[in-house]
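> using only what follows, build the 3D model:
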Amino acid sequence: MNTYGSIGVYSPLRKCMKKTVLLRGKTSLVGPSNVDFPSGDPGMYQLDITLRRGQNLAARDRGGTSDPYVKFKLGGKEVFRSKTIHKNLNPVWEEKTCILIENPREPLYIKVFDYDFGLQDDFIGSAFLNLASLELNRQTDVTLSLKDPHYPDHDLGNILLSVLLAPREEQREVTMLMRKSWKRSSKFQTQSLRLSDLHRKSQLWRGIVSITLIEGRELKAMDANGLSDPYVKFRLGHQKYKSKIMPKTLNPQWREQFDFHLYEERGGIIDITVWDKDAGKKDDFIGRCQVDLSTLSKEQTHKLEMLLEEGEGCLVLLVTLTASAAVTISDLSVNSLEDPKEREEILKRYSLMRMFHNMKDVGFLQVKVIRAEALMAADVTGKSDPFCVVELNNDRLLTHTVYKNLNPEWNKIFTFNIKDIHSVLEVTVYDEDRDRSADFLGKVAIPLLSIQNGEQKAYVLKNKQLTGPTKGVIYLEIDVIFNAVKASIRTLMPKEQKYIEEENRLSKQLLLRNFIRMKRCVMVLINAAYYVNSCFDWDSPPRSLAAFLLFLFVVWNFELYMVPLALLLLLAWNYFLIISGKDNRQHDTVVEDMLEDEEEEDDRDDKDSEKKGFMDKLYAIQEVCVSVQNILDEVASFGERIKNTFNWTVPFLSWLAIVALCVFTVILYFIPLRYIVLVWGINKFTKKLRSPYAIDNNELLDFLSRVPSDVQVVQYHELKQDPSHSPSKRKKNNPG
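Got it, this is the predicted structure:
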């Protein structure tokens, strides 16, 4: 079943229980129905489908093949999407899904597409499955001929399915119960809370699995040069990670660390696959292995050398199982920070006296999700079934669903452990749809360092790109408690990676945006060079004379400690400009406009996904274009982060930079440079000997990775609320 990412929607209406297959055979779907269906009650029937395979599909790629995948649509909404089978006109899927059917007389629409990486997917063909012609409780093998409405005479191949339509008596009982609960608000509230209690435990993880990918040894050569470009994929349940690519080696050194949430008490199985990256074609499979967590003891680091199955070589891993962090879900009546003893215990845990205890535990976050107002209507009834997802890096929790309501009240408290104070809290509102992907209603992104403790605020919901408002506001009250010393030290360590997300695709708007950002950074350097050259040319004699005297003074008296001192003075100068009201920082409307254009382009791409795009001519160079697009983004972000450090965009980081520059200035003033270089070199040469499995990092780059780029500044910018929405007004309208 296709649901939002890795969160799912926790409702009895979403759980599909497999029926026993009673009979098996082939039948024709042509002709009138021989089944008398009752008037449609929601979710009264369950359709179990097995997508078997495709036969003689149409070729859509220049190599005479296709990369097919299948979509099922019901009532105009996508209810299932298969995996992609690369370079195959006779793909075998063998994928199962189940769909709850409201109206069995409504046909199931089946579409087949050819996946084009970074480009618009090509339409192969479509077919209808007439559910009314199926015999109840009988498994049926179906062969559907694909057609294109624009070319009805073309033979586009066949899709083979096995389907079983069965009534759901237990589903009908749940539906009737919920219908009754909607009639009385008190019963409805009880139902929502009961559903919340059912899924609360399934959200909370029982431990954390920390994996350090050290190296690979004697991997299989997959390229013509006798080498490979290996990378590794990890999977534990819905959690996925992908390592970086190590070019041209059979003995790669990764030194990367990942954290998984452990939901099962008895452990779980981590699936590990190794791949060889190939530009412009399907990546080659090198081998696989598995880690059975139930065999590992907790609170201990295990060094594992895993031999690869179906391939050659091995992987070296460090695996550590630790107890769960303090992640909880509770009602408003259970508030840790309002209990004096618990609050004192939390403040003590993150006091300066415990600055070197458990360096990964930087702070404590409490989020009260109170309510939302004036949400978008996502259902045909003019209502929505909203629920809220609260995310902090890879920690993801959600509220119960409030049915048939545009002004839902959740009144839930979520607590998280903070591992990086520069993380961004994301709160997203979705509309729950039975057996379909949750519909997006709105989102806000709040940097932890911008939170004002204990203040209930109304946040205007934004679109998916976080560039502009959508309909509705959400009321949150957030508290952050952290240890500043731990947070500062953590800033100089690598950022936590997020679960695997969608591959970057080629976008002309994104490419243009990154090019313009890169151009702006380069123009700063060019303008500075022009300014210096104008001093040499004496375009302005007073300015050139002052520059000449300054040059003589600096060169004659130059010492190395003056470099960090100059940067320190620049930070101090910008700080005094800000506090004196002469802030010259401007809201980046150029980047914001480009982001909005990019979102419009994404919407157009979604709507035109069935049309064949003219961009297929770029198929051979699409990966190159995506790489250029990403490189431009990285370089532009690097320049913008340096600028935003000195612009005091994040005061915590600017103060941290001041402290570091003061330390460097003092060190360079009192200690000769040769001693500093000697200590640096000894540390670098002996680091591998002292800590063989230490993860390599660059403290300066890790620091800059916490500074937001101009794009992120726009995304995290808090929108102004409509004056018509206010807590006081809400209380008047809803007493008690």
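> C-alpha coordinates for stretch 695-711, PDB please?
Coordinates of the C-alpha atoms in stretch 695-711 are reproduced here as PDB (Å, rounded to 0.1, in the frame of the first residue of the first chain):
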ATOM      1  CA  ILE A 695      35.300   9.100  11.400                       C
ATOM      2  CA  ASP A 696      37.200  11.800   9.400                       C
ATOM      3  CA  ASN A 697      35.800  15.300   9.600                       C
ATOM      4  CA  ASN A 698      36.800  18.900   8.900                       C
ATOM      5  CA  GLU A 699      35.700  21.100  11.800                       C
ATOM      6  CA  LEU A 700      35.500  24.300   9.700                       C
ATOM      7  CA  LEU A 701      33.200  22.600   7.100                       C
ATOM      8  CA  ASP A 702      31.100  21.000   9.900                       C
ATOM      9  CA  PHE A 703      30.700  24.500  11.400                       C
ATOM     10  CA  LEU A 704      29.700  26.000   8.100                       C
ATOM     11  CA  SER A 705      27.200  23.200   7.400                       C
ATOM     12  CA  ARG A 706      25.200  24.500  10.400                       C
ATOM     13  CA  VAL A 707      24.900  28.000   8.900                       C
ATOM     14  CA  PRO A 708      21.800  28.400   6.700                       C
ATOM     15  CA  SER A 709      22.200  29.300   3.100                       C
ATOM     16  CA  ASP A 710      20.100  32.000   1.500                       C
ATOM     17  CA  VAL A 711      17.600  29.400   0.300                       C
END
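> which outside residues touch that stretch?
Residues outside stretch 695-711 that contact it (CB atoms under 8 Å, 6 or more residues apart in numbering) are 212, 255-257, 420, 422, 447, 491-495, 513, 517, 588, 591, 595, 636-638, 640-642, 644-645, 649-650, 653, 656-657, 716. All C-beta atoms are positioned from the backbone trio N, CA, C, and that covers glycine.
> helix or strand for Asn533, which one?
helix 508-536 (DSSP states H and E).
> buried residues in that helix, which are they?
509-511, 513-514, 517-518, 520-521, 535 (16 or more other CB atoms under 10 Å).
> and stretch 132-152, by the same measure?
In stretch 132-152, counting by 16+ other CB under 10 Å, buried: 132-134, 138-140, 142, 144, 146-148.
> tell me the one of those residues nearest Met353?
In terms of CB to CB, no member of these lies closer to Met353 than Gln139, at 67.0 Å.
> hmm, Leu164 and that closest one touching each other?
Yes. Gln139 is within contact range of Leu164, at 4.6 Å (criterion: CB atoms under 8 Å).
> what's the distance between Arg517 and Pro564?
28 Å (CB to CB, to the nearest Å).
> kindly apply the preceding question to Gln497 instead.
31 Å.
> list the contacts for the nearest residue to Val92 once chain neighbours are set aside?
Once flanking residues are discounted, Val92 sits nearest to Arg53: 4.4 Å by CB to CB, 6 or more residues apart in numbering. Shown in contact with Arg53 (CB under 8 Å, 6+ apart): 90-94, 159-160.
> pLDDT and secondary structure added to these, as CSV?
Below are the contacts of Arg53 laid out as CSV (pLDDT from 0 to 100; DSSP: H, G, I helix; E, B strand; the rest coil):
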residue, pLDDT, secondary structure
Asn90, 90, coil
Pro91, 90, coil
Val92, 89, strand
Trp93, 87, strand
Glu94, 86, strand
Ile159, 93, strand
Leu160, 93, strand
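> just to revisit the earlier point, what average pLDDT does the helix or strand just after the helix holding Asn533 get?
Later in the chain than helix 508-536, the nearest helix or strand by DSSP H and E is helix 541-557. For helix 541-557, mean pLDDT rounds to 87.
> check stretch 221-237 too.
89.
> do a quick rundown of the helices in the stretch 101-250 of the chain.
Per DSSP state H, counting those that start in this stretch, the stretch 101-250 of the chain carries helices over the ranges 169-183, 185-203.
> and what of the chain?
Ranges of helices within the chain are 169-183, 185-203, 340-349, 484-491, 508-536, 541-557, 562-579, 589-607, 622-646, 651-670, 673-690, 699-705, 710-716, 727-733, based on DSSP state H.
> that older thread, which helices and strands does the helix holding Asn533 pack with?
helix 541-557, helix 589-607, helix 622-646, helix 710-716 (3 or more CB pairs under 8 Å, 6 or more residues apart in numbering; DSSP states H and E).
> which residue of this protein lies farthest from its centroid?
Going by CA atoms, centre = their mean, the residue of the chain most distant from its centre is Pro541, 55.6 Å out.
> residues in contact with it?
Pro541 neighbours (CB under 8 Å, 6+ apart): none.
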